[in-house]
Each structure stands twice: as C-alpha cells, then as structure tokens.
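Novice: pasting the sequence and the predicted coordinates here, then a few questions.
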Amino acid sequence: MNIQLTVFFEAPFWVGVFERHNDTGYEVCKVVFGAEPKDYDIYDMIKNRFDCIRFSEPVDSDQICLRKINPKRQQREIRKAVSPSGVGTKAQEALKRQYEENKAQRKLQAKKNHEAEKQRQFELRQQKKKKKKKGH
C-alpha cells in the first residue's frame, strides 16, 4: 500500500488530499484543515483519525512500479509534487466522482423523505374525511 498526502491552500481553507494505491486500485479522500496545519497537527490527525477517513471508490490504476529510484530523480519528483501546481487530475477526477455519488445519495434520500411526508399528509386527510363522514 502506498499513501500520499498533498496539502495545499484552496481559499479560504487549507486542504489535504490523501491518495492511496493498493491492491484494489486508486482511492482518494479530501480533508479540510481550516487554518494552516502544522506538522504535529497532521501527524496527530493521521495517528488518531486516519481510520475515520472515507476514501472514494477504488479506481483501476496503472501498474505501480516499486523499484529503486535514483535519489536525484526522487528529489526532482518531490520538488515537482511540492510545487504550487495543485492536485493531480487523477485525484481531482476521483474527488469529483465521490462528490457526485454523495450528491446522488443525498438527492435520493431527500426524495424518499419528501414522498413519505406526502403519504403521511394524504393519510391524515383521508382520516379527517372518514371522521367527518361518520359525524364525529
């Protein structure tokens, strides 16, 4: 398993994006920190609340190579990752997909609640009609 955290400023909050590569695929999660997080804040969050983080559904990822990387190449990749270029497009797509799924679930739940309320109101009206017809 390979996990990467990218922290960046997305006005007006600091945001962290966890990217996880494992056997099931590529998963992403977005965490809003609020104020600029210190190293110990991030460490504490990972240590105590990492199991509460909800990752997106796994997406098939390219074959991950776990080979030795030249230290200079690794430095270049780290510099490139830390530069203010933001989140990679793969992560953005996964986050967008997770957001859309959550939105669809909320919409479905709201529709169910609305239908249940309409049915309850209908039942009340029917009871009122029956009571009126009986003359009570």
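Specialist: Cool, the structure landed. From a predicted model like this one, the values you see are computed outputs, not experimental measurements.

Novice: quick check: closest non-adjacent residue to Q4.
Specialist: Spatial nearest neighbour of Q4, excluding adjacent residues (CB to CB, 6 or more residues apart in numbering): E19 at 4.6 Å. C-beta here means a position set from N, CA and C on the backbone, and glycine is covered the same way.

Novice: partners of the one you found in the sheet?
Specialist: Q4, V28 (DSSP bridges).

Novice: what's the burial count for it?
Specialist: 20 (other CB atoms under 10 Å).

Novice: same check on the one 4 residues further on?
Specialist: D23 is surrounded by 6 other residues when neighbours are defined as other CB under 10 Å.

Novice: ok, K47 next?
Specialist: 8.

Novice: surely the residue nearest to Q4 is in contact with T6?
Specialist: Yes. E19 is within contact range of T6, at 7.3 Å (criterion: CB atoms under 8 Å).

Novice: pull up the overlap in contacts between those two.
Specialist: A91 (CB atoms under 8 Å, 6 or more residues apart in numbering).

Novice: wait, what's in contact with the closest residue to E27 other than its chain neighbours?
Specialist: Of all residues not flanking E27 in the chain, F55 sits nearest, at 4.0 Å (CB to CB, 6+ apart). Shown in contact with F55 (CB under 8 Å, 6+ apart): F18, R20, E27, V28, C29.

Novice: and the pLDDT for the most centrally placed residue in the chain?
Specialist: Central residue of the chain (CA atoms, centre = their mean): C29, 4.6 Å from the mean position. Looking at C29, its pLDDT reads 89.
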